[in-house]
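1. Quick one, structure for this:
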Amino acid sequence: MPVLRQARVSDHGTIIACVQQWWADSRTPAQARELSLLLPKLFLQFFSGTSLVLEDEAAGIRAFLIGFHAADNDEEAYIHFVGVDPKLRGQGAARRLYTAFFQHAAEAGRTEVRAITSPGNTGSIAFHRAMGFSLESGDREVDGLPLHSDYDGPGLDRVCFYRKLAL
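-> Coordinates of the predicted model:
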């Protein structure tokens with residue numbers, strides 16, 4: 001069973017390679033590389049203390065969660081990017097990462113966790129709902145899904161989630 005640990009700056013290259021490999025089944029190599037650009041090294045340089053890795057001795061990193069506590073308020077934490085080895089999906093790895101992140105955030109006095117996803121990522125939407133996240137009202141709805149238009153730039157709509165934490 002993979003061991004849960006705090007992320008390290010030295011994990012960056014491996015995490016980037018994991019993103020490019022793990023998303024190869026749903027994206028072209030260029031698209032997978034573009035996706036990995038959402039994880040510049042600065043996330044591990046400045047937020048390794050709030051980011052997590054699931055690792056096993058034989059296979060290395062099997063899953064990761066990059067998250068941080070808001071710098072502008074003492075209430076919120078944010079999950080930026082999560083990846084799980086396709087061979088491990090559906091076995092509770094993401095749930096384990098999220099649960100640990102929630103616990104650490106609550107211990108730090110955070111009362112809410114936020115996350116986003118693309119409207120077409122139905123698996124992510126279902127997972128976040130199953131993890132107790134609520135959908136944040138957007139500026140429009142498509143098929144009953146509240147969207148935040150141009151959230152990540154022109155044409156890059158997002159679904160926004162929030163979850164209250166018990167202290």
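2. Tell me the gap between stretch 151-164 and the middle of its chain.
-> Relative to the centre of its chain, stretch 151-164 is centred 13 Å away, using Cα atoms, centre = their mean, to the nearest Å.
3. Flag every buried residue along it.
-> When burial is assessed from 16 or more other Cβ atoms under 10 Å, stretch 151-164 yields the following buried residues: 157-161, 163. The way it works is simple: take the backbone N, C-alpha and C, and place the C-beta from them, glycine included.
4. Report the separation between the two terminal residues of stretch 6-14.
-> Using Cα to Cα, to the nearest Å, one end of stretch 6-14 lies 15 Å from the other.
5. again, but for stretch 65-82
-> By Cα to Cα, one end of stretch 65-82 lies 4 Å from the other end.
6. buried residues in that stretch?
-> For stretch 65-82, by 16+ other Cβ under 10 Å, it's 65-69, 76-82.
7. among these, which are in strands?
-> Per DSSP state E, strands hold the following members of the buried residues of stretch 65-82: 65-69, 76-82.
8. Lowest average confidence across helices and strands of this protein, where is it?
-> helix 29-36 (a mean of 87; mean pLDDT, DSSP states H and E).
9. average pLDDT across the longest helix along the chain?
-> When the chain is parsed with DSSP state H, its longest helix is helix 93-107. For helix 93-107, the mean per-residue pLDDT is 97.
10. So which elements touch it?
-> Helix 93-107 makes packing contacts with strand 3-6, strand 52-56, strand 60-69, strand 76-84, strand 112-117 when contacts are defined by 3 or more Cβ pairs under 8 Å, 6 or more residues apart in numbering; DSSP states H and E.
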